[in-house]
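Participant: From the sequence below, what's the structure:
(2 chains)
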2 protein chains.
Amino acid sequence: MLNDDELATHRQELRRGTVVAACLVLLQQPNYGYALLTALEDAGFAVDANTLYPLLRRLEKQGLLTAEWNTDESRPRKFYVTSSEGAALARTLAADWNQLTTAFTALTEKP
Amino acid sequence: MLNDDELATHRQELRRGTVVAACLVLLQQPNYGYALLTALEDAGFAVDANTLYPLLRRLEKQGLLTAEWNTDESRPRKFYVTSSEGAALARTLAADWNQLTTAFTALTEKP
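Facilitator: Modelled structure (predicted):
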């Protein structure tokens, strides 16, 4: 029997790669972690803070995002923005996703 | 800089959840591992044998696939078929997939 955790894992695995693509698209407008979390949720890519923050650091380390501290307000915030390399990856992932979607649609529509 | 391994990892993460959905759809017709590997590749879901075989055992253990040995031919083969629970998960993943595609399209088409 499939338990709830296993169901959640299958659904998360489907979602995981799309969150990277969604971050890279959304961060073409600079933003900080918490606001991005909200924007992702609003856009239909709900993700835990415990997943998102390490992901942002990983993407920064890979040069897909650049980061800088904004100290204009009383609380300094780290803003991320998608690099040109990150924008290129977003295009690759979008093309892959389209291809996978077309392939899956063809499978499910087979007689 | 994004190296080739990192690029491959991002693309694999996008693909991983989709392979589960594709297996559950394809195995509504019973099939054995190697033939499924070929069918997945033909359908646009290329996957390594080293990834697929453990995945099939995991899906069987979760009750999403059932398996039986076919001994009609000289070489016995383990045939998998999607259970009703597996078919239900395939429908859930297909619905999630549609939702993610709609969400991602909306993001990328934003002005």
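
Participant: how distant is stretch A:103-111 from the center of its chain?
Facilitator: Taking Cα atoms, centre = their mean, to the nearest Å, one finds the center of stretch A:103-111 at 27 Å from the center of the full chain.

Participant: where does A:F79 land in three-state SS?
Facilitator: Judged by DSSP: H, G, I helix; E, B strand; the rest coil, the three-state class of A:F79 is strand.

Participant: can the helix of greatest length in chain A be found next to chain B?
Facilitator: With secondary structure taken from DSSP state H, chain A has its longest helix at helix A:84-108. Yes. When contact is scored as Cβ under 8 Å from any Cβ of the partner chain, part of helix A:84-108 falls within range of chain B: A:85, A:89, A:92-94, A:96-97, A:99-104, A:106-108. C-beta here means a position set from N, CA and C on the backbone, and glycine is covered the same way.

Participant: For ChimeraX, what selects the buried ones among those?
Facilitator: For anyone working in ChimeraX, the buried entries among these, judged by 16 or more other Cβ atoms under 10 Å in any protein chain shown, can be selected with:
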select /A:85,89,93,94,96,97,100,101,103,104,107
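
Participant: for the spatially closest residue to A:L14 that is not a sequence neighbour, what are its contacts?
Facilitator: Sequence neighbours aside, B:G17 is the residue nearest to A:L14 in space, at 3.0 Å (criterion: Cβ to Cβ, 6 or more residues apart in numbering or on different chains). For B:G17, the contacting residues are A:10-17, B:93, taking Cβ atoms under 8 Å, 6 or more residues apart in numbering or on different chains as the criterion.

Participant: Just the buried residues of those residues.
Facilitator: A:10-11, A:13-17, B:93.

Participant: just to confirm, which helix or strand has the nearest residue to A:L52 once chain neighbours are set aside in it?
Facilitator: Distances taken as Cβ to Cβ, 6+ apart put A:L37 closest to A:L52, at 5.6 Å, once the chain neighbours are dropped. For A:L37, the host element (DSSP states H and E) is helix A:33-43.
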